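*Asks:* Below are the sequence and a predicted model for it; my questions follow.
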Amino acid sequence: MYKNLAAVITAACLFSSPVFSQAKEPLKVGFVYVAPLADTGWVHQHDEGRKAVQAAFGDRVKTTYVENVAEGADAERVIRDLAQQGHKLIFTPSFGYMEPTLRVAKDFPDVKFESITGYKAAPNVATANARYYEGRYLAGIAAGRMTKTNVAGYVAGFPIPEVVQGINAFTLGMKSVNPTATVKVVWIDSWFDPGRERDAAMTLFNQEVDVIAFHTGSSAVMAAAQERGKLAVAYHSDMRKVAPDAQLVAVTHQWGDYYRQRTQAVLQGTWKSGNVWGGVKQGMIRVGDFGPKVPKAVQDEVLARQKDIASGKLKPFGDMTDEQILSMKDLVSGVQGKPAK
């Protein structure tokens, strides 16, 4: 009897020990979003990545997110809260989250951080971004084929290299099939401001623009194009629900594979800091989801050029090095609308 009782007590102690409990607890993975979670857009695509992680690992992980977090002090507070709550892997997908992520990471060396679109790494902070400009170039080809006025518009957030890359690539893609084309840019100094995004689009439509692209966080530009009977390039995600007639093509960001890989690395204990800059070849950028007004010949041309980019046959910026692309500041010939200094 006493031997059995001793066995029960031993088993009870084992099951209640911190080691056993820790082994059974799921990995807590946190995500911080710079805008409200919607059906389309930048945040939507990252949340699709979160869902891919949850679906891939089931009860081995527990994912959470905090939406509409402003860059700066608010971001640092939220990231710190997630770390204090036991999240061991935290994704921070916004350029303005880079410095807050680094500050929190110093205080939580056992937590792994993924600074998406950031460029400063640390032993427990990895950086990753996508070659969005590859998709922009392809969208420019479609725009160059479809415009009737030879004038495209572009609603831009902030004049950082990533945005400049996109404007330049779009312009070069357009001019590769339509040498007389020009691109007019309106800067709104915000990543997410649907009202200002819409106003900027309407301003451009009043200036001969008949096809428009954007680098902001909502679908307001798409809705404006639908209202005005113009064409628009969807960004981040497919936006045909918002603009069923206006959508020309969509440049979509695919984060699921990367997020799964990084989560797997933490689960296996093999996670290391590093830098990833993937594009069409790696499946992180995809162009497709053509609208109903796009002829098959144009679709085929764009998809063929997408294969050329994947194979390395086509490089939107020619012989420029990655270092030169990453520090791009000047707009190419054919772009109208320099940012205010």
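*Replies:* Yes, it's here. What you see is a predicted model, and the numbers here were worked out from it, not measured in a lab.
*Asks:* in the stretch 51-200 of the chain, which spans are strands?
*Replies:* 61-66, 89-93, 112-116, 125-130, 151-156, 182-187 (DSSP state E, counting those that start in this stretch).
*Asks:* quick one, the first one and strand 89-93 angle?
*Replies:* Put plainly, it is strand 61-66. Interaxial angle, strand 61-66 versus strand 89-93 (axes from the mean of the first three to the mean of the last three Cα atoms, to 10 degrees): 40 degrees.
*Asks:* Neighbouring strands - and their directions - for strand 61-66?
*Replies:* Strand 61-66 pairs in its sheet with strand 27-32 (parallel), by DSSP bridges.
*Asks:* CA atoms of the strand it pairs with as CSV?
*Replies:* What follows is strand 27-32 as a C-alpha-only set of coordinates in CSV (Å, rounded to 0.1, in the frame of the first residue of the first chain):
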residue,chain,number,x,y,z
LEU,A,27,4.7,28.3,-28.0
LYS,A,28,3.2,31.8,-27.7
VAL,A,29,3.6,33.7,-30.9
GLY,A,30,2.6,37.4,-31.0
PHE,A,31,1.9,39.7,-33.9
VAL,A,32,1.7,43.5,-33.9
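*Asks:* quick revisit: got JSON lines for the strands of the stretch 51-200 of the chain, with mean pLDDT too?
*Replies:* Converted to JSON lines, these look like this (pLDDT from 0 to 100):
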{"stretch": "strand 61-66", "mean pLDDT": "98"}
{"stretch": "strand 89-93", "mean pLDDT": "98"}
{"stretch": "strand 112-116", "mean pLDDT": "98"}
{"stretch": "strand 125-130", "mean pLDDT": "96"}
{"stretch": "strand 151-156", "mean pLDDT": "98"}
{"stretch": "strand 182-187", "mean pLDDT": "98"}
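*Asks:* for those, which one sits closest to P100?
*Replies:* P100 sits nearest to strand 89-93 of all the strands of the stretch 51-200 of the chain, at 7.5 Å, using Cβ to Cβ. No exception for glycine: its C-beta is placed from N, CA and C like everyone else's.
*Asks:* Give me the contacts around that closest one.
*Replies:* Contact with strand 89-93 is made by 27-34, 42, 46, 49-50, 75, 79, 82-83, 98, 100-101, 111-118, 255, 259, 262-263, 266, 271, as judged by Cβ atoms under 8 Å, 6 or more residues apart in numbering.
*Asks:* re earlier: quick one: which of the strands of the stretch 51-200 of the chain is nearest R198?
*Replies:* Closest to R198 of the strands of the stretch 51-200 of the chain is strand 151-156 (Cβ to Cβ; 9.0 Å).
*Asks:* Low-confidence stretches in this structure?
*Replies:* 1-24, 341 (pLDDT under 70).
*Asks:* hey, where'd the helices end up in it?
*Replies:* Listed in chain order, the helices of the chain (DSSP state H) span 2-16, 18-24, 42-57, 73-84, 98-107, 132-146, 161-177, 194-205, 220-228, 256-268, 296-311, 322-326.
*Asks:* So which of those helices is the most surrounded?
*Replies:* Most buried of the helices of the chain by mean neighbour count (mean count of other Cβ atoms under 10 Å) is helix 132-146; its value is a mean of 27.
*Asks:* Show me what that helix is packed up against.
*Replies:* For helix 132-146, the elements it packs on are helix 161-177, strand 211-215, strand 231-236, strand 247-253, strand 285-288, helix 296-311, judged by 3 or more Cβ pairs under 8 Å, 6 or more residues apart in numbering; DSSP states H and E.
*Asks:* Direction included, what does the fifth one pair up with?
*Replies:* For strand 285-288, the pairing partners within the sheet under DSSP bridges are strand 247-253 (antiparallel).
*Asks:* and if you look at the third one?
*Replies:* Partner strands for strand 231-236, per DSSP bridges, with pairing direction: strand 211-215 (parallel), strand 247-253 (parallel).
*Asks:* can those strands go into a markdown table with extra columns for mean neighbour count and distance to T92?
*Replies:* A markdown table is the format used below for the strands paired with strand 231-236 (neighbours: other Cβ atoms under 10 Å; distance: least, Cβ to Cβ, whole Å):
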| stretch | mean neighbour count | distance to T92 |
| --- | --- | --- |
| strand 211-215 | 29 | 19 |
| strand 247-253 | 24 | 16 |
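*Asks:* Tell me which of the ones you listed lies nearest to H87.
*Replies:* That would be strand 247-253 among the strands paired with strand 231-236, by Cβ to Cβ, at 22.9 Å.
*Asks:* Quick check: V302 vs T252, distance?
*Replies:* For V302, the distance to T252 equals 13 Å [Cβ to Cβ, to the nearest Å].
*Asks:* With mean neighbour count added, can I get the strands of the stretch 51-200 of the chain in TSV?
*Replies:* Listed next are the strands of the stretch 51-200 of the chain as TSV, based on neighbours: other Cβ atoms under 10 Å:
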stretch	mean neighbour count
strand 61-66	18
strand 89-93	28
strand 112-116	26
strand 125-130	22
strand 151-156	26
strand 182-187	21
